[in-house]
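In: Sequence and predicted structure are below.
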Amino acid sequence: MFKALVLNKTEDGVSSAIEDLNEAQLPEGDVIVNIEYSTLNYKDGLVLNGLGGLTRDYPHVGGIDFAGTVESSDHPDFKAGDKVVLTGWRVGEIHWGGYAQKARVSGDWLVPLPDGLSPHQAMAVGTAGFTAMLGVMALEDHGLTTADGEVLVTGAAGGVGSVAAAILANLGYNVAGSTGRADTHDYLRDMGVKTIIDRAELSEESKRPLEKERWAGCIDAVGSTTLARVLAQLKYGASAAAIGLAGGNNLPTTVIPFLLRGVNLLGIDSVMCPKEKRIIAWQRIQRDLPMEKLEHMISDAKLSDLPQLGKDILAGNVRGRVVVDVNAN
């Protein structure tokens, strides 16, 4: 038997309760993992509150990320005792996820935990940090260098933004971060942000298709008018990596920045990212994300905290990264 936070559909939405389950209730898969830690992402908040149409079959166990130790495996790449991490693959959405003490999944979805990275640290990174690393890699692939100028991170106090800022600063980039929360300024400076931009400066729709060139690149977790303003302010040939939609899923812009400045809008998806690229990204995280910065991002939680935290993250009231100890009482 093991414990899990189980979601059930109700007339008013979704209810949650910690229940005792057995392995026979787990979904199909060829690897059973004893989970040590999970985490909280914006998507987890949607699932916990029954929003976004991400989960349709109940009862359900959420948690799109987890890290732990293989208990048993019929997959050729893994054996009992291996340390592993999982993000994406619709786990926690349509397949039971990490808000439990055990999971059964396809071994094709697992990545070996890099040497030097603990399960706790891996979940401090989680999908948010993993996606941030994919965004940094994409900007680099499109020519970004430290000599090019300021790199903007929007939604900088959130999970994606915090990790992106820390990685970019560690790599030697001049990082600017936008936020609407004055109480996060010291935190952002600790992450390596040199210039703090008030979110309001980017949240209003521009009346001009092009503005003064400023940004050498951008990791954007906001979307909507913020991303549109960033595109209008990118330097010639620069790129923005679109990672989130905290400000909305619309994009009120024109093709002018693409035609007259040759800018690039790079879509970043971490859910179905190929395994080979995942392994590279996790190795880069272990190398390029300063662990002392990571520790400053972390708030610890347990399964019983998740219903409230799921509401908090949707309201924008979660700073940095939440690590969930699924075995804590």
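Out: Yes, it's here. Residues are numbered from 1 along each chain as shown.
In: can we go C-alpha only for contacts and neighbour counts from here?
Out: Fine.
In: Pick out the residue nearest the middle of this protein.
Out: Centre of the chain computed as the mean C-alpha position; nearest residue by CA atoms, centre = their mean is A128, 1.2 Å away.
In: where does that residue fall, helix, sheet strand or coil?
Out: Following DSSP: H, G, I helix; E, B strand; the rest coil, we place A128 in the helix state.
In: In this structure it contacts S162, no?
Out: No - counting by CA atoms under 8 Å, A128 does not reach S162; the two are 9.1 Å apart.
In: What does the pLDDT read for the residue nearest to the centre of the chain?
Out: You'll see A128 listed with a pLDDT of 91.
In: For it, give its distance to W215.
Out: To W215, A128 is 23 Å away according to CA to CA, to the nearest Å.
In: cool, and L7?
Out: Distance from L7 to W215, counting by CA to CA: 43 Å.
In: average pLDDT for stretch 191-211?
Out: Average pLDDT, stretch 191-211: 93.
In: excluding its backbone neighbours, what's nearest N22?
Out: The shortest distance from N22 to any non-neighbouring residue, by CA to CA, 6 or more residues apart in numbering, is to M1 (4.5 Å).
In: Kindly check the end-to-end length of stretch 42-53 for me.
Out: Note: stretch 42-53 ends 14 Å apart using CA to CA.
In: Pull out the buried residues from it.
Out: Residues of stretch 42-53 classed as buried under the neighbour-count rule (16 or more other CA atoms under 10 Å) are Y42, K43, D44, G45, L46, V47, L48, N49, G50.
In: cool, stretch 124-140 as well?
Out: Under 16+ other CA under 10 Å, the buried positions of stretch 124-140 are 124-139.
In: Helices of the stretch 201-329 of the chain, residue ranges please.
Out: Along the stretch 201-329 of the chain, the stretches classed as helices by DSSP state H, counting those that start in this stretch are 224-233, 256-260, 275-288, 291-297, 306-314.
In: Could I get the CA-only coordinates of the longest one as PDB?
Out: Output of helix 275-288 as PDB, limited to C-alpha atoms (Å, rounded to 0.1, in the frame of the first residue of the first chain):
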ATOM      1  CA  LYS A 275      14.500  11.700 -25.000                       C
ATOM      2  CA  GLU A 276      17.900  12.400 -26.500                       C
ATOM      3  CA  LYS A 277      17.300  16.200 -26.100                       C
ATOM      4  CA  ARG A 278      16.000  15.600 -22.600                       C
ATOM      5  CA  ILE A 279      19.200  13.900 -21.500                       C
ATOM      6  CA  ILE A 280      21.300  16.800 -22.900                       C
ATOM      7  CA  ALA A 281      19.100  19.400 -21.200                       C
ATOM      8  CA  TRP A 282      19.300  17.700 -17.800                       C
ATOM      9  CA  GLN A 283      23.100  17.500 -18.200                       C
ATOM     10  CA  ARG A 284      23.200  21.200 -19.000                       C
ATOM     11  CA  ILE A 285      21.000  21.900 -15.900                       C
ATOM     12  CA  GLN A 286      23.500  20.000 -13.700                       C
ATOM     13  CA  ARG A 287      26.300  22.000 -15.200                       C
ATOM     14  CA  ASP A 288      24.900  25.500 -15.800                       C
END
